[in-house]
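[1] sequence and predicted structure below; questions after.
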Amino acid sequence: MLKSLLAVPVLVIGGLVLLAILWIIGAYNSLVALRNRFKNAYAQIDVQLKRRYDLIPNLVETAKGYLKHERGTLEAVIAARNAAATASTGAAQNPGDAAAMKQLSSAETTLAGTLGRLFALAEAYPDLKANTTMITLMEELTSTENKVAFARQAYNDAVMSYNTRRETFPTNLIAGAFNFAPAELFVIEKPAEKEAPRVTF
């Protein structure tokens with residue numbers, strides 16, 4: 001009789017320990033799944049960024065013949081492209097590294113600015129605007145930019161889900177214990193998007 005009375009608390013405690021272990025395993029696995037989801041989402045961005053980085057030298061080479069006096073802009077575009085490609089390689093190795101993602105965001109912001117200057121210059125040269133190779137490259141670049149934007153949105157959504165889960169109690173206890181670091185959003189600053197449109201009459 002005494003043995004059966006002692007067995008009940010042992011079974012209850014054993015059951016509670018088992019439930020706690022199962023919960024820890026479930027929380028850990030959900031964090032791993034969310035981390036893998038945002039890493040996969042970054043891989044989709046990486047594919048599109050590489051495509052864009054491959055298009056830019058062709059665009060600059062086509063523009064060279066028309067923009068002979070704008071050598072500084074062309075060199076700035078190539079330098080920004082190379083810096084962005086290097087930053088992208090670093091981010092691709094570990095999309096969860098906040099420093100690598102910030103460096104990529106900064107490099108992409110610089111690249112967007114230099115490409116904007118190149119496109120503004122191209123507007124001033126009608127022969128360049130009419131060049132079929134230039135038109136094709138600009139269309140491909142625009143299409144790739146749209147794909148990057150969609151992939152970036154999917155990545156940022158996956159990062160948000162991961163960060164929310166790792167910061168929510170009680171999963172944050174598991175995240176802290178197993179070193180699930182926060183992930184960084186991929187944001188490209190475009191000054192033109194921050195400025196209010198100016199209307200003149």
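    Received it, and whenever you're ready, just let me know what you need.
[2] isn't residue 77 up against residue 112?
    No: using C-beta atoms under 8 Å, residue 77 is not in contact with residue 112, being 10.8 Å away. Every C-beta, even on glycine, is put in place using the N, C-alpha and C of the backbone.
[3] just the element for residue 95, please.
    Here residue 95, judged by DSSP states H and E, is contained in no helix and no strand.
[4] element containing the residue nearest to it when sequence neighbours are not counted, please.
    If the residues on either side of it in the chain are set aside, residue 95 comes closest to residue 42, at 3.7 Å by C-beta to C-beta, 6 or more residues apart in numbering. In the assignment (DSSP H and E), residue 42 maps to helix 2-64.
[5] shaky segments in the chain?
    Within the chain, the segments meeting pLDDT under 70 span 1-6, 190-201.
[6] dump the residue contacts of residue 117.
    73, 76-77 (C-beta atoms under 8 Å, 6 or more residues apart in numbering).
[7] list the buried residues of the helix or strand harbouring it.
    In this assignment (DSSP H and E), residue 117 forms part of helix 98-123. Using 16 or more other C-beta atoms under 10 Å as the test for burial, helix 98-123 gives 100-115, 118, 121-122.
[8] cool, and stretch 29-42?
    Taking 16+ other C-beta under 10 Å as the criterion, stretch 29-42 shows 31, 34-35, 37-39, 41-42 as buried.
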